[in-house]
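*Asks:* my questions are about this predicted structure, shown below with the sequence.
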Amino acid sequence: MRAILKATLCLLGTVVLSQSPMSTVRAQQSTGKVYTVAERQPEFPGGKAALSRYLATNIKFPGSLMRQNANTGPVAAKFIVDVDGSVHDVRITTKPLTRENKKGMQEFMAAIVTAVEKMPRWRPGEVGGRPVAVFYTLPIEVNMQ
C-alpha cells in the first residue's frame, strides 16, 4: 500500500483569527502587510501540476499512519508567499489529534513544513501591478491506495 498525496489549491478570502479546535504547527513568524486576496494570485513554478508532483515527491507519509490505515482528515498548509516569491511562516492545520495517531501525525506535519519551506520561489501575487505578500492556504489530500 502506498500513499499518494494530491494537492489542490485554494485561497481563502477571509482569515479566521479566533481559536479553533484544529491543531496547528508553526514554523516561523512574519511581520508586515500581507494580503489575503490579490489581483493576481501567487503561482508555484510550473503551475498546479508541478506543485502536486513536488509535494508527492517531497512529503513522506509516516509508516505508522499507513499501517493503521489512519484517516488524517483535512490537512492544510498555510503560509505566506512574499514579494520575492519566497515561502515562510508555514503553519499546518489538522483535525484534533487522537492518542493513537498523535506521533504519526506530528511526523507528517513536520514533513509538510519541511517540504513547504524548501519550495522553490513562487511567482508572487500582485496588486496594482506590484508584487505583494499573500497569505496562501494549500489543502493537502491523502489517498491511501
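*Replies:* That came through, no problem.
*Asks:* now name the helix or strand holding the residue nearest the centre of the chain.
*Replies:* Compute the mean C-alpha point of the chain, and by Cα atoms, centre = their mean the closest residue is A77, 1.9 Å away. Element membership for A77 (DSSP states H and E) is strand 75-81.
*Asks:* next SSE after that strand?
*Replies:* Next along the chain after strand 75-81, with elements defined by DSSP H and E, is strand 87-94.
*Asks:* what's the closest non-adjacent residue to the residue nearest to the centre of the chain?
*Replies:* L138 (4.6 Å; Cβ to Cβ, 6 or more residues apart in numbering). C-beta: built from backbone N, CA, C; applies to glycine.
*Asks:* kindly report the same for K118.
*Replies:* Leaving aside its chain neighbours, K118 sits nearest to N58 (7.0 Å; criterion: Cβ to Cβ, 6+ apart).
*Asks:* ok, that neighbour - contacts?
*Replies:* Counting by Cβ atoms under 8 Å, 6 or more residues apart in numbering, N58 makes contact with 114-115, 118.
*Asks:* who touches the helix of greatest length in the chain?
*Replies:* Counting by DSSP state H, the longest helix found in the chain is helix 102-117. Here helix 102-117 makes contact (Cβ under 8 Å, 6+ apart) with 23, 25, 27, 54-55, 58-62, 64-65, 68, 70, 72, 75, 77, 79, 87-88, 90, 92, 94, 97, 138, 140.
*Asks:* please consider this matter closed, and thank you.
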